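> give me coordinates for this.
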Amino acid sequence: MLKPCTATRLLAGGFCNSKACRRMLSSPVLPARLQPGRVVVANATTAERLARAKGYPYPRPATSFIFCNGTAYTFDDSTWVPPSQWHGSPEHLLQLQVTAPDGTNSSLDTVLAQQGVHESALTAETPLTLILAIGSNAGPEQLARKFPLDLFPDGVVVPVVQ
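So this is what the prediction gives:
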């Protein structure tokens, strides 16, 4: 059990120097993003941390979107086909018509190519992990913190369905 001061420091992006905390921080079960040097928001000032806290739960698009390598590409909710209906092929996902922040429309496979994510990363065998888009998880700003490209060098593709 962490002492309250330790939990506060961890949430604020700092680390306690007590023996117990050093042992916890070196534990192999600690998430990589909390390891020393892997702080969620490294070198954030107090003002930046306060602005981040006040911004919760963070702006989100009014429709469903695909979060790809740090950018939210919106799409019409009615065009979403759930993976259970893909019939062994993610073609529905790849052909999904999305809108970039600048207003241009294209298919997701075009976006993936532009972002350097190879289509083979999205096959019927690709395991998908559900992420509940509740609170901050529905905001591209938070997804960018949780899925940094340096931890996901093959690319980040997260469908956020409303």
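
> pretty sure P140 is touching I66, no?
No: P140 lies out of contact with I66 (CB atoms under 8 Å); the separation is 10.4 Å. Glycine gets a C-beta too; all of them are placed from N, C-alpha and C.

> between the two, what contacts are shared?
Common contact partners of P140 and I66 (CB atoms under 8 Å, 6 or more residues apart in numbering): A72.

> any idea how far T104 is from E125?
31 Å (CB to CB, to the nearest Å).

> over to Y58?
Separation of Y58 from E125 (CB to CB): 33 Å.

> which of those two has more neighbours?
Y58 (17 against 7; other CB atoms under 10 Å).

> look at that one and report its pLDDT.
For Y58, the pLDDT comes out at 87.

> got it, and F67?
You'll see F67 listed with a pLDDT of 92.

> and the next element down the chain from the helix or strand harbouring it?
Using DSSP states H and E, F67 maps to strand 65-68. Next along the chain after strand 65-68, taking DSSP H and E as the criterion, comes strand 71-74.

> now do that next one: which elements does it pack against?
In terms of contacts (3 or more CB pairs under 8 Å, 6 or more residues apart in numbering; DSSP states H and E), strand 71-74 is packed against strand 65-68, strand 97-99, helix 108-115.

> next SSE after that strand?
Moving toward the C-terminus from strand 71-74, the next element (DSSP H and E) is helix 91-94.

> mind listing the helices for the protein?
4-11, 19-25, 46-54, 91-94, 108-115, 140-146 (DSSP state H).

> if we can go back for a sec, and of the helices and strands packed on strand 71-74, who's closest to A121?
Taking CB to CB, helix 108-115 is the member of the helices and strands packed on strand 71-74 nearest to A121, at 7.8 Å.

> show me what that closest one is packed against.
strand 65-68, strand 71-74, helix 91-94, strand 97-99.

> lowest-confidence stretch among these?
helix 91-94 (a mean of 85).

> give me the buried positions along that one.
Neighbour-count burial for helix 91-94 flags 92-93 (criterion: 16 or more other CB atoms under 10 Å).

> residues contacting it, please?
81, 83, 85-86, 107-109, 112, 119, 122, 159.

> what do you get if the cut-off is 7 Å, keeping everything else the same?
Here helix 91-94 makes contact (CB atoms under 7 Å, 6 or more residues apart in numbering) with 81, 86, 107-109, 119, 122.

> quick one: contacts for the closest residue to D77 other than its chain neighbours?
Excluding its sequence neighbours, the residue lying closest to D77 (CB to CB, 6 or more residues apart in numbering) is S64, at 5.0 Å. Listed by CB under 7 Å, 6+ apart, the contact set of S64 reads 75, 77, 80, 160-162.
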